[in-house]
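Enquirer: coords please:
(one chain, ligands or ions: 1)
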Amino acid sequence: MIKKILVANRGEIALRIMKTARNMGIKTVAVYSEADRNAPHVKFADEAVCIGPPPSNESYLLGDNIIKVAQELNVDAIHPGYGFLSENAEFGEHVEKSGMIFIGPRSHAIRIMGSKLAAKDAVKKYNIPMVPGTAEAIKDVNAAKEIAKDIGFPILIKASAGGGGKGMRIVENSEEFEDQMKRAISEAENAFGDGSVFIEKFVTSPRHIEIQVLADNFGNTVYLFERECSIQRRHQKVVEEAPSSVLTPELRKEMGEAAVKVAKACDYVGAGTVEFLLDDKLNFYFLEMNTRLQVEHPVTELITGLDLVEQQINVANNEKLSFLQEDLKITGHAFELRVYAEDSLNNFMPSVGKLEVYRPPSGKNIRVDDGFTEGMQVPIQYDPMLSKLITYGKTRNEAMQTMLEAISEYKVEGVSTTLPFGKFVFEHEAFRSGNFDTNFVKKYYSEEKLKAINEEEAKIAALFALQQYLKDSEKLRLPKTL
Ligand code: MV4
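Expert: Now for the predicted structure:
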């Protein structure tokens, strides 16, 4: 039985994991860098240990040191959160060899899914739809060029060891092919230490739909429906929702069952996510599997009523899933807006500084997962995500309306945030109608547009203030000139 968990992470996700652990009667240990000494996850934990200076490669990424700390404090299990050590197969192995439980899948699954080519190879006997392309690393550029011609341009070169859009290259025609291929291989070599690349047909305007799966150690695997993650900027997700407004119940079942097969193909255990592309004809294609708890897991929690961290801990405790696929259903609609300390009017530059004012919204159907409080400094060493603003409603419209109200109630001063950008998305006709794909931001967003909207709103606000002044001036006999 797990009685004490060390969370090898920081910020909102460390806090979010500890809250569930505490609700389950489990003790928590925080680790922190010198930059996070006063962070909420440190204050919340039952015990906390400083693991080094601010840079993550001298603190949060030092797996063996974290394991040593865990052993000294008699920890039973380590939860890695997302990012950092979460998809590091060796770390998971070291945790288990040191006599503790790694809250995540076995290293075997992490390794397979860490390589896109190994992932394709593992799932191929399960009849999972995949984008037309090569199944193996390209060795002969000329042979690959012939395959590319057969598939038809544009094609995409992907690095097997890449992920989340890293190491991708679009090739428009066969003349560019050889040159682009050579560059892609040397780039992959440099970035990942693995020059394996493959090609796929480029799907031009896809949606990004991912399926949450959950598996126990007894062969039970279920899908917890989809998340629509098409609203992203430079491969950084900005808004996620569940369910997707384009999936029919039949397609949902088909994709869900495909995701379960992907999980089974790598003997998956715990919570994981299977990524698909969906083209404009609603054909879906398996892309990759993320072997961790994802940032956007809360939208799935809101529509299923499950606590995914609780499920992860139960599975890690070797419990059987307490429900079957047919027990699960979608209730209502949920959105997540990632709020970054970035300036959406200045090329999304990180905006670090002190949170002079920090007042997140609260109320029915509003959830804020954050790791900041007023007065804190936003550190420059880490991801600039301030919080996740999550709303729920019986319908998509209701959840959107609540999101817009929550955005306007969210008060942050001292740093710039992407809240105005979020408002832009939630007010946009293409987003509201559900008629969008992964090109949404590129297609519709510009700083000029956001500035124009802001100015328009400032004018309206000024007019209201003037109207109010004129009304008051009647009653109070104030001068009518300003
Ligand atoms: C693609 C694609 C189009 N065609 N593969 C980007 C992240 C990585 N997981 C896979 N990605 C893509 N793969 C083929 N064959 C387009 C993307 C893509 C994308 C995918 C999901 C969400 C946002 C995206 C933005 C640009 C490109």
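Enquirer: which residue does the stretch 251-400 of the chain have closest to the ligand?
Expert: Leu287 (5.1 Å; C-beta to the nearest ligand atom). Every residue, glycine included, has its C-beta placed from N, CA and C.
Enquirer: am I right that that residue is in contact with Thr273?
Expert: No - using C-beta atoms under 8 Å as the test, Leu287 is too far from Thr273 to be in contact (10.7 Å).
Enquirer: does the residue in the stretch 301-450 of the chain that the ligand sits nearest to count as helix, strand or coil?
Expert: Among the residues of the stretch 301-450 of the chain, Thr438 lies closest to the ligand, at 3.9 Å counting by C-beta to the nearest ligand atom. Assigned with DSSP: H, G, I helix; E, B strand; the rest coil, Thr438 falls in the coil class.
Enquirer: next: Pro105.
Expert: Reduced to three states by three-state DSSP, Pro105 is coil.
Enquirer: with Phe464 instead?
Expert: Quick answer, by three-state DSSP: Phe464 is helix.
Enquirer: contacting residues around the one residue in the stretch 1-150 of the chain that gets nearest to the ligand?
Expert: Closest contact between the stretch 1-150 of the chain and the ligand, by C-beta to the nearest ligand atom, is at Val131 (4.1 Å). With contacts defined as C-beta atoms under 8 Å, 6 or more residues apart in numbering, Val131 is in contact with 200-201, 203, 277, 285, 287.
Enquirer: could you redo the last one with a cut-off of 6 Å?
Expert: Neighbouring residues of Val131 by C-beta atoms under 6 Å, 6 or more residues apart in numbering: 200-201, 285.
Enquirer: Ala161 too?
Expert: Counted by C-beta under 6 Å, 6+ apart, Ala161 has contacts 192, 194.
Enquirer: list the strands paired with the helix or strand containing it, with their directions.
Expert: Using DSSP states H and E, the element containing Ala161 is strand 155-163. In the sheet, strand 155-163 lines up against strand 166-171 (antiparallel), strand 197-201 (antiparallel) (DSSP bridges).
Enquirer: before we move on, back to that, go ahead and confirm the residue of the stretch 301-450 of the chain closest to the ligand touches Cys229.
Expert: No - using C-beta atoms under 6 Å, Thr438 is not in contact with Cys229; the gap is 8.7 Å.
Enquirer: need the residues of the stretch 101-250 of the chain near the ligand, please.
Expert: Residues of the stretch 101-250 of the chain lying close to the ligand by C-beta under 6 Å from any ligand atom are 131, 156, 164-165, 200-203, 206, 208, 232, 235.
Enquirer: thinking again about what came up before, which of the contacts of Val131 ranks first by neighbour count?
Expert: Highest neighbour count within the contacts of Val131: Glu200, with 22 neighbours (other C-beta atoms under 10 Å).
Enquirer: check contacts around Ala188.
Expert: So Ala188 contacts 159, 167, 195, 197 (C-beta under 6 Å, 6+ apart).
Enquirer: so which one among those has the lowest pLDDT?
Expert: Among the contacts of Ala188, Gly167 has the lowest pLDDT, at 77.
Enquirer: not counting sequence-adjacent ones, nearest residue to that one?
Expert: Among residues not flanking Gly167 along the chain, Ala159 sits closest, at 3.1 Å (C-beta to C-beta, 6 or more residues apart in numbering).
Enquirer: partners of the one you found in the sheet?
Expert: Bridge pairing for Ala159 - DSSP bridges - gives Val197.
Enquirer: in terms of pLDDT, where does Thr481 sit?
Expert: So Thr481 comes in at 64 (pLDDT).
Enquirer: so which strand or helix has the residue of the stretch 251-400 of the chain closest to the ligand?
Expert: strand 284-290.
Enquirer: what helices and strands are in contact with that strand?
Expert: strand 270-278 (3 or more C-beta pairs under 6 Å, 6 or more residues apart in numbering; DSSP states H and E).
Enquirer: try it again with 10 Å
Expert: Under the contact criterion of 3 or more C-beta pairs under 10 Å, 6 or more residues apart in numbering; DSSP states H and E, strand 284-290 touches helix 107-114, helix 116-123, strand 155-163, strand 197-201, strand 207-215, helix 249-265, strand 270-278.
Enquirer: I'd say Ile366 and Met403 touch.
Expert: Yes - using C-beta atoms under 10 Å, Ile366 makes contact with Met403 at a distance of 8.7 Å.
Enquirer: give the contact list for the spatially closest residue to Ser344 that is not a sequence neighbour.
Expert: Closest residue to Ser344 apart from its sequence neighbours, by C-beta to C-beta, 6+ apart: Phe421 at 3.7 Å. Applying C-beta atoms under 10 Å, 6 or more residues apart in numbering, we find Phe421 in contact with 233, 238-239, 337, 339-340, 342-345, 348, 441, 445, 447, 450.
Enquirer: please apply the same query to Ser322.
Expert: Per C-beta under 10 Å, 6+ apart, neighbours of Ser322: 216, 220, 306, 311, 314.
Enquirer: export those residues as CSV, with columns for secondary structure, pLDDT and distance to Lys139.
Expert: Output for the contacts of Ser322, formatted as CSV (DSSP: H, G, I helix; E, B strand; the rest coil; pLDDT from 0 to 100; distance: C-beta to C-beta, whole Å):
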residue, secondary structure, pLDDT, distance to Lys139
Asp216, coil, 98, 40
Asn220, coil, 98, 41
Leu306, coil, 98, 45
Gln311, helix, 99, 43
Asn314, helix, 98, 45
